[in-house]
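[1] turn this into a structure:
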Amino acid sequence: MSPENSSRLREVTTAIAPHLELLQSQPGRVANRAIEGHTTLSQKLEQGADAGTAISTLVAILHKEQAQRTRLALRLADRTITPGIADSDTLG
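    Numbering: from 1, shown residues only. Next comes the predicted model:
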């Protein structure tokens, strides 16, 4: 491995380490989540973006989305699911 790639890998690893639990808990969201326009984390890193900044941006987005999912779950918690009755006359 070239010294440049080794240094880049160290930079990415250092930036990811504090957020590893969050990133591991949401693998599908991490792999494909755009963090700027249509650009994913791996694309940003490939383009040479600062690893710390890119990862911090992704982490902020994931935290915001998790909070939104939690709020929605709380709002929907009191709702009961009642199965509808099919009207055979309407169905034909």
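[2] which residues touch the residue lying closest to Ser56 once chain neighbours are set aside?
    Take Ser56 and drop its neighbours on the chain: the residue closest to it by C-beta to C-beta, 6 or more residues apart in numbering is Ala15, 7.6 Å away. Quick note: C-beta positions are derived from backbone N, CA and C, even for glycine. Neighbour list for Ala15: Ala51, Gly52, Ala54, Ile55, Ser56 [criterion: C-beta atoms under 8 Å, 6 or more residues apart in numbering].
[3] ranges for the strands of the protein?
    In the chain, the strands defined using DSSP state E lie at 34-36, 39-40.
[4] of those, which is nearest His63?
    Across the strands of the chain, His63 has its closest neighbour in strand 34-36 (12.8 Å, C-beta to C-beta).
[5] can you list the buried residues in the longest helix anywhere in the chain?
    If you go by DSSP state H, the chain has its longest helix at helix 51-76. Using 16 or more other C-beta atoms under 10 Å as the test for burial, helix 51-76 gives Ala51, Ala54, Ile55, Thr57, Leu58, Val59, Leu62.
[6] grab the nearest non-local neighbour of the fourth one.
    So that's Thr57. Take Thr57 and drop its neighbours on the chain: the residue closest to it by C-beta to C-beta, 6+ apart is Ile35, 4.9 Å away.
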